[in-house]
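Trainee: Below are the sequence and a predicted model; questions follow.
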Amino acid sequence: MSDTLITIIAVFLAAILMFVFPLMSVAERTDDMSQLAVQAAVTEFVDDSRAVGKITADNYDRLISRIEATGNSFDVEMEVKVIDENIGKKSAWTQGQVIGENVYYSVYTSQITDVLQQDDGNGVYSLKEGDIFSCSVKNTNKTIAQSIRDVFYSISGSGTSTVSVAHSGVVTATGSN
């Protein structure tokens, strides 16, 4: 009886070692490749938008198609911190670039995509020099690696994302429509 129990346990452990751990390794590698692809796409999108001073519908669509090519679904969030230079403010300072004089207000994803999807065919959200543009992307689906981790480790909750990327920077050119 004890030899049978030991044999069953040995077969079970051998199955885990031969099949589950390699599957887990391949799934983790797939998530890593997705992370790299999304990082490259988001970095290119933000840097291109900062360099030309505008967010175009074509660039946004290219970003969406590149990140969805990984086979995951994503939540894309954009934020533009628009600089309000407050030029009309009376001050004893003679310089325009005094620390503390500039104020930023934020424009978020829904407002930006509304401009990009306007019916006039323009599809351009203009930025100006000094604005701060940021974009963050998180996967919304559960990857195979997350599912396997849930079974074995029970550490990955429903609110965690495996593929998560954020990139931001200061706009270096004023764009025009």
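Mentor: Right, received. Where do you want to start?
Trainee: what mean pLDDT does stretch 142-150 have?
Mentor: Averaged across stretch 142-150, the pLDDT comes to 83.
Trainee: any low-confidence regions in this protein?
Mentor: Low-confidence segments of the chain, defined by pLDDT under 70: 1, 85-102, 121, 154-161, 177.
Trainee: make it 90
Mentor: Per-residue confidence for the chain (pLDDT under 90) gives these ranges: 1-6, 10-25, 27-28, 83-105, 116-123, 130, 141-163, 173-177.
Trainee: just the strands in it please.
Mentor: Using DSSP state E, the strands of the chain run over residues 54-56, 74-84, 103-108, 124-126, 132-139, 164-170.
Trainee: Tell me which of these sits nearest to Gln146.
Mentor: strand 132-139 (9.0 Å; C-beta to C-beta). For glycine as for every other residue, the C-beta is placed from the backbone atoms N, C-alpha and C.
Trainee: Run the angle between the closest one and strand 74-84 for me.
Mentor: Angle, strand 132-139 to strand 74-84, by axes from the mean of the first three to the mean of the last three C-alpha atoms, to 10 degrees: 170 degrees.
Trainee: List of residues touching strand 132-139?
Mentor: For strand 132-139, the external contacting residues (C-beta atoms under 8 Å, 6 or more residues apart in numbering) are 34, 38, 42, 45-46, 49-50, 55, 63, 67, 72-81, 83, 104, 127, 161-171.
Trainee: next one: stretch 49-63
Mentor: Residues outside stretch 49-63 that contact it (C-beta under 8 Å, 6+ apart): 41-42, 45, 48, 76, 78, 80, 112-113, 116-117, 123-129, 133, 135, 169-177.
Trainee: List the buried residues for that stretch?
Mentor: Neighbour counts over stretch 49-63 (16 or more other C-beta atoms under 10 Å) mark 49-50, 52-57, 59-60, 63 as buried.
Trainee: Check stretch 104-121 too.
Mentor: Buried residues in stretch 104-121, counting neighbours by 16+ other C-beta under 10 Å, are found at 107, 112, 116.
Trainee: What is the distance between it and the centre of its chain?
Mentor: Offset of stretch 104-121 from its chain centre (C-alpha atoms, centre = their mean, to the nearest Å): 18 Å.
Trainee: hey, C-alpha coordinates of that stretch in CSV?
Mentor: C-alpha atoms of stretch 104-121 as CSV (Å, rounded to 0.1, in the frame of the first residue of the first chain):
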residue,chain,number,x,y,z
TYR,A,104,-0.3,73.3,-15.0
TYR,A,105,-3.8,72.0,-15.5
SER,A,106,-4.6,68.5,-16.7
VAL,A,107,-6.4,67.2,-19.7
TYR,A,108,-7.2,63.4,-19.6
THR,A,109,-7.7,60.5,-22.1
SER,A,110,-11.4,61.1,-22.8
GLN,A,111,-10.9,64.7,-23.6
ILE,A,112,-7.9,63.9,-25.9
THR,A,113,-9.7,61.1,-27.7
ASP,A,114,-12.7,63.3,-28.3
VAL,A,115,-10.5,65.8,-30.1
LEU,A,116,-8.8,62.9,-32.1
GLN,A,117,-12.1,61.5,-33.2
GLN,A,118,-13.7,64.8,-34.4
ASP,A,119,-15.8,64.7,-37.5
ASP,A,120,-13.8,67.4,-39.3
GLY,A,121,-11.2,64.8,-40.2
